[in-house]
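In: got a structure for you, letters missing:
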């Protein structure tokens, strides 16, 4: 009887033309191999000086323009991008890599998948540095309960299974609405103020909370104004996020 011979499957061809529909992933790809990006959204602000074509927003991209760019790969996110748009790309023969990121560990795994598996790149040093920065966090102090608004008019807050909520939990801040049935529930302001929180965490995105726009709605609570990129972006900013968020939450 002849012995079977295992023939390794060929590695997928590296992506040479990438469209990113997610600002965080745009920064991750640009920091690792900037020449790959041929299309990015209007909301892709980092790094500065992106020269790739602008193809609209995350929720309303110019689908025809993206197809015309002939990308090898479109990188997307199940929360930020619409399934019907992604279906058009697949129907046009374009590979689509859709991420799901609801925790820090999931973010690290998905970033590896996008960059190494999807784009065919070597694992970047900044990703190792980001993992090390979070692993080096000291044990958190006595947990504090927080409400974390992301919008006003109407008021919306972080609910269950959110990336930002997981980051805060690792820093000793427990989201009051982490057990809510919705991920981003609308909660009336009087209920927020009666929720028994120890502080309110106010990021500057998606709604741009500032010292004069947000804290006044919570007169009995100390307010921590945080950089939304450190709290909600998954990419190179994760390396500096632990120190920046700890400082803001003090």
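Out: It's in. Predicted model, so just to flag it, every value in this text is computed and none were measured.

In: contacts, neighbours, all on C-alpha from now
Out: Fine.

In: ranges for the helices of the protein?
Out: Under the criterion DSSP state H, helices of the chain are mapped to 23-32, 63-68, 83-91, 104-112, 125-135, 163-170, 189-193, 228-232, 241-249.

In: for this protein, which spans come out with low pLDDT?
Out: Where the chain drops to pLDDT under 70, the residues are 1-15.

In: what about the strands in it?
Out: 18-20, 37-40, 53-54, 73-77, 95-99, 144-147, 149-151, 156-157, 173-175, 199-203, 223-226 (DSSP state E).

In: Contacts for the third one next, please.
Out: By C-alpha atoms under 8 Å, 6 or more residues apart in numbering, the residues outside strand 53-54 that reach it are 38-42.

In: Switch the helices of the chain over to a markdown table, and while doing so, append distance to residue 118 to every line.
Out: Shown next, in a markdown table, are those (distance: least, C-alpha to C-alpha, whole Å):
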| stretch | distance to residue 118 |
| --- | --- |
| helix 23-32 | 11 |
| helix 63-68 | 18 |
| helix 83-91 | 15 |
| helix 104-112 | 9 |
| helix 125-135 | 15 |
| helix 163-170 | 22 |
| helix 189-193 | 42 |
| helix 228-232 | 22 |
| helix 241-249 | 25 |
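
In: nearest to residue 180, of those helices?
Out: helix 163-170 (12.2 Å; C-alpha to C-alpha).

In: The closest one vs helix 104-112, what angle?
Out: 130 degrees (axes from the mean of the first three to the mean of the last three C-alpha atoms, to 10 degrees).

In: Need the winner for burial among the helices of the chain.
Out: When you average the neighbours per residue for each of the helices of the chain (mean count of other C-alpha atoms under 10 Å), helix 23-32 leads with a mean of 23.

In: next one: stretch 43-58 to chain centre, how far?
Out: Distance, stretch centre to chain centre, for stretch 43-58: 15 Å (C-alpha atoms, centre = their mean, to the nearest Å).

In: end to end, how far does it reach?
Out: 8 Å (C-alpha to C-alpha, to the nearest Å).

In: Return the distance of residue 244 relative to residue 27.
Out: Where residue 27 is concerned, residue 244 sits at a distance of 18 Å (C-alpha to C-alpha).

In: What's the PyMOL syntax to select whichever of the contacts of strand 53-54 are buried?
Out: In PyMOL syntax, the buried subset of the contacts of strand 53-54 is picked out as below (16 or more other C-alpha atoms under 10 Å):
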select buried, resi 38+39+40+41+42
